[in-house]
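S.K.: Structure, please.
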Amino acid sequence: MGKNLLLKITILLLVMGFVVHNPVLAAGDSSQDIKKAEVSVDNAIQFTVNGNLAEAKSAFDQFNKTWIEIEVGVKEHSHTAYRDIESNMGKVVYAFTLKKPDQVLQALKELKAVNEKYANGGYPKEIESNQADLSLDDFIVLLQKAKKDVNDQNKTQALQSMKKTSDNWLSVEGVVVAQSSKVYSDSERDLVTIQAMLSANPPNYVEASKLIDKMIEYLTPLATKSEYTYWDAAMILVREGLEALLVVIALLSFVKKSGASKGKAWIMSGVLGGLVVSTILAIIIKFVISSGAFGNNNALIAGWTGVFAAVMLLYMSYWLHSQSNVADWNRYIREKSQTALSTGKLVSLGVLSFLAVFREGTETVLFYIGMASQIKMQALLIGFLIGAGLLLIIAFLMIYVGLKLPLRPFFMVSSFIVFYLCIKFAGMGIHSLQLAGIIPTTNVERLPSMEFLALYPSWESTIPQLILVIGVVVIFFAKKFYNKKVIVAKNN
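M.R.: Numbering: from 1, shown residues only. Below you'll find the predicted structure:
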């Protein structure tokens, strides 16, 4: 009993260190807190009536800041009240984006009404409990409810329903990816596409409804599976760990080729840090807060981690390619000596390996936790060991083959692999930010969808990838032209 209490306290302390929701005020009398915060809503209503939307938005933003400080107290009293207030706040945010005073006023009045209901005791205290994760059957029900709102052509409610569905995707994605990587990729793509269709002006209700039907159609057969095999468990680790492994192996091969022994320690420290942090975060999500409540934050973390990793991979790819000239490499080694790389580059190697492992690690652990109730523990352990064994074989072959390559082919191949991962991480990162609602989505049906490159049919994710490719091609030919001029100048 004492050990369980200690474990819960430890986990709660760890949660406080993560920025999921980090309220700065302790929960006090939440009813009084709401009454004080509501002054900002009243101000926003008055500004809207006077036709001053800019001041109304500023007043609402003040309410939002206060809400972040008091929301824990409301949630502890009533999950229902918390959801209702958050839902109405979402309606206000959406109304402000339309810049239509009548819709803003209506949304603010609805928010005021739900605030007053809570402040006046309209929400009875609920027994505090951690919301259970949804099953795939439950997730399909959420899709069906969202479809009803879409068919009713209620834009605000349809967007709210799809946001709730997206937030709960984290609860079921492990079940999906264990059975079909294609369905998993299609689901993540379609969740973003549907929300984009509903956010359009005017909304494309017909196509959004069809796409929800399509999601229900390809997810339903997966909901009938009640038990997984060791091979399902093995493939999760191979699938999720491969991109991170490619990054780590490319970095390890590079430092081994350069003789920079300290580089290996930095890389492995980054790997270990990524594994530890992603495991702790996954356990917190599963046992302290619900996956549904964390869904949006998970997309944010995955998105920003992917973008930062892509930027670092781009730099690393360019640097590796620039060393493919044997003379340049020998000169670099002479300048640095064979003792170590620069401190800045050593740190960047560690950070990059951490980002790569952390980005994939959290979801991998969540997938395994989600499978645990539907697979025998022996099969889960065997599957994990098989997956780890396959990754080790791939790692050994890559390092062995890489070190056998002559200098120029080694750097060319390494730079190509790293640049490929840069393209993929950029696409995955931007797509995750779209799923979180941070970046808008402009759907383009003629754009292909390719899981291999994390290519999605939206301009916001495709254009950055195209810019990366075009930039590299331009730099390649510019460098080739410059080298040719240098050779001609020397001959003359």
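
S.K.: Spatially nearest residue to residue 307, not counting backbone neighbours?
M.R.: Leaving aside its chain neighbours, residue 307 sits nearest to residue 429 (4.0 Å; criterion: CB to CB, 6 or more residues apart in numbering). (C-beta placed from N, C-alpha, C; glycine too.)

S.K.: mind listing what that neighbour touches?
M.R.: Counting by CB atoms under 8 Å, 6 or more residues apart in numbering, residue 429 touches 302-310.

S.K.: Okay, it and residue 311: tell me how far apart.
M.R.: Residue 429 is 10 Å from residue 311, where distance means CB to CB, to the nearest Å.

S.K.: sorry, back to before: next one: the helix or strand harbouring the residue nearest to residue 307 to chain centre, how far?
M.R.: In this assignment (DSSP states H and E), residue 429 forms part of helix 407-435. The chain centre lies 17 Å from the centre of helix 407-435; the measure is CA atoms, centre = their mean, to the nearest Å.

S.K.: Name the residues of it that come out as buried.
M.R.: 410-411, 413-415, 417-435 (16 or more other CB atoms under 10 Å).

S.K.: now swap in stretch 193-208 and tell me
M.R.: For stretch 193-208, by 16+ other CB under 10 Å, it's 193-200, 203-205, 207-208.

S.K.: Would you reformat those residues as TSV and include pLDDT?
M.R.: Shown next, in TSV, are these (pLDDT from 0 to 100):
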residue	pLDDT
193	85
194	89
195	84
196	82
197	87
198	89
199	84
200	81
203	88
204	89
205	91
207	89
208	91
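
S.K.: Let me know the closest of those residues to residue 156.
M.R.: Residue 156 lies nearest to residue 198 out of these, by CB to CB, at 9.6 Å.

S.K.: Could you verify that that closest one is part of a strand?
M.R.: No - under DSSP: H, G, I helix; E, B strand; the rest coil, residue 198 sits outside any strand and is assigned helix.

S.K.: quick one: contacts for it?
M.R.: Going by CB under 8 Å, 6+ apart, residue 198 touches 150, 155, 158-159, 162, 204-205, 208.

S.K.: dump the residue contacts of the residue lying closest to residue 182 once chain neighbours are set aside.
M.R.: In space, and not counting its chain neighbours, residue 182 is closest to residue 451: 7.2 Å by CB to CB, 6+ apart. Contacts for residue 451 were tallied using CB under 8 Å, 6+ apart; they are 181-182, 185.

S.K.: most neighbours, which of these?
M.R.: Neighbour tally across these (other CB atoms under 10 Å): the maximum, 19 neighbours, falls on residue 185.

S.K.: Surely residue 278 is in contact with residue 356?
M.R.: No - in this structure, residue 278 is not within contact of residue 356 by CB atoms under 8 Å, at 10.9 Å.

S.K.: what mean pLDDT does the strand or helix carrying residue 97 have?
M.R.: In the assignment (DSSP H and E), residue 97 maps to helix 79-98. Summarised as a single mean, pLDDT over helix 79-98 is 76.
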